[in-house]
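Trainee: no sequence on this one, just coordinates:
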């Protein structure tokens, strides 16, 4: 196959180039962007942060951090029941 200026390209290379361009377009169209999640979900407390799927730092009190740097602290800590005493 000949393109402009008399340069010859084999059919194999033409298929490879076309496949690479199509793959690049598909990646750009379907890639996931975490920044869209931050914009569409309003986080205003610890529970919202956890439900949105952000990381929770264990400890007392627990902390949840959003990608934009907000930190929410759990205000209601569940206390474990005391162990039954053995008599």
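Mentor: Nice, thanks for sending it over. Predicted model only: the values in this text are computed from it and were never measured.

Trainee: Number of residues surrounding residue 17?
Mentor: The tally of other residues near residue 17 (other C-beta atoms under 10 Å) stands at 11. Every C-beta, even on glycine, is put in place using the N, C-alpha and C of the backbone.

Trainee: where's it, which helix or strand?
Mentor: Residue 17 belongs to helix 11-30 when assigned by DSSP states H and E.

Trainee: SS state for residue 76?
Mentor: Put simply, residue 76 is coil when judged by DSSP: H, G, I helix; E, B strand; the rest coil.

Trainee: Going forward, the N-terminal residue is numbered 870.
Mentor: Got it, first residue is 870 now, which makes that one residue 945.

Trainee: State the distance from it to residue 913.
Mentor: 15 Å (C-beta to C-beta, to the nearest Å).

Trainee: just residue 924 next, same as before
Mentor: Relative to residue 913, and taking C-beta to C-beta, residue 924 is found at 18 Å.
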